[in-house]
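1. this is a predicted model, with the sequence first.
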Protein chains: 2
Amino acid sequence: MDQVELFKALANKARLQILNWLKEPETHFPDYKASCGDNSVGVCVGHIQRKSGLTQSTVSEYLAVLQRAGLVNATRIGQWTYYQRNETAIKALGQLIATTL
Amino acid sequence: MDQVELFKALANKARLQILNWLKEPETHFPDYKASCGDNSVGVCVGHIQRKSGLTQSTVSEYLAVLQRAGLVNATRIGQWTYYQRNETAIKALGQLIATTL
DNA sequence: TAGGAATATCGGGAAAACCCGATATATATT
DNA sequence: AATATATATCGGGTTTTCCCGATATTCCTA
């Protein structure tokens, strides 16, 4: 993964916010299981969008940015796309910075 | 320190390069002690500028960006400004990412 | 104190990011 | 097949970043 792209993805308030929300979905998205049958696959775009206050297109794009950077994983189920944090990648990034940077 | 500003500072190829060079000055700047009497204060702007191939103004600005983000420390001695990595801040950032992000 | 050398700041054109509304695509329902 | 819903993509105005040349500032030396 390109380091510059990784840092660019993180260099945005809204995207950092989203990443933080996804740490504890049940806390930040009280009804996130409701419309989405399965749990453990993450949070769907609509929930993130409504909480963020940004438009649907913007949130969709931002999630794509985070995914391209490897910071989140996407799972499409039916008409929903669920996003969850890629904890492995995030921890690896912490290591990378503390060592390689 | 603002996280967004921190990541913005890192979201640039040249600045990442400079940070990397400053990890081992004696390796990347063979003659970095020559024109600068004291060692251990870092590398002066001119050396970084010549190695980077960017203009003087650009490198000066980039170093200021890194400094504002807390990633490097600057020391002015005579007509030279020496820059060195802030290892403490960088390690702290690694921790921050692995935990808080 | 005049001139030179190192660095910082200023002004700006070009490129990228931001974030939107409109539209397209994919899936589910009837 | 037609409609509705969730998400993705497109086009674009606005802001920010990139990186430059020109100029200003700081410090040293003759």
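-> Alright, I've got the coordinates.
2. nearest residue to residue A:85 in space, please, no chain neighbours.
-> residue A:22 (4.7 Å; CB to CB, 6 or more residues apart in numbering or on different chains). (Glycine included, C-beta is placed from N, CA and C.)
3. run a quick neighbour tally on the one you found.
-> When neighbours are counted by other CB atoms under 10 Å in any protein chain shown, residue A:22 registers 22.
4. for residue A:49, see how far away it is.
-> 13 Å (CB to CB, to the nearest Å).
5. go on, residue A:63?
-> The gap separating residue A:63 from residue A:49 is 9 Å, by CB to CB.
6. between the two, tell me which one has more neighbours.
-> Using other CB under 10 Å as the criterion, residue A:63 and residue A:49 rank with residue A:63 on top: 22 against 19.
7. so residue A:42 sits against residue A:22, correct?
-> Yes - taking CB atoms under 8 Å as the definition, residue A:42 is a contact partner of residue A:22 at 6.9 Å.
8. pull up the overlap in contacts between the two.
-> A:72, A:83-85 (CB atoms under 8 Å, 6 or more residues apart in numbering or on different chains).
9. out of these, which two sit at the greatest distance?
-> Greatest spacing in those, by CB to CB: A:83 and A:85 (8.2 Å).
10. around DNA strand D, pick out the residues from chain A.
-> By the rule CB under 7 Å from any atom of the strand, the part of chain A lying against DNA strand D is A:35, A:44-46, A:49, A:56-57, A:60-61, A:63-64, A:74, A:79-81.
11. from the chain's centroid, how far away is stretch A:49-63?
-> 11 Å (CA atoms, centre = their mean, to the nearest Å).
12. scratch that, stretch A:61-78
-> The answer for stretch A:61-78 is 6 Å, by CA atoms, centre = their mean.
13. could you tell me the end-to-end distance of it?
-> 20 Å (CA to CA, to the nearest Å).
14. what's the neighbour count on residue A:17?
-> Other residues close to residue A:17 by other CB under 10 Å number 16.
15. state the distance from the residue nearest to residue A:85 to DNA strand D.
-> Per CB to the nearest atom of the strand, to the nearest Å, residue A:22 is found 14 Å from DNA strand D.
16. now swap in residue A:28 and tell me
-> Distance from residue A:28 to DNA strand D, by CB to the nearest atom of the strand: 16 Å.
17. comparing residue A:83 and residue A:85, which residue is more hemmed in?
-> Taking other CB under 10 Å, residue A:83 and residue A:85 do not tie; residue A:83 has more neighbours (26 against 21).
18. given the helix or strand that contains that one, what are its sheet partners and their directions?
-> Residue A:83 is part of strand A:80-85, with elements assigned from DSSP states H and E. In the sheet, strand A:80-85 lines up against strand A:43-44 (antiparallel), strand A:72-77 (antiparallel) (DSSP bridges).
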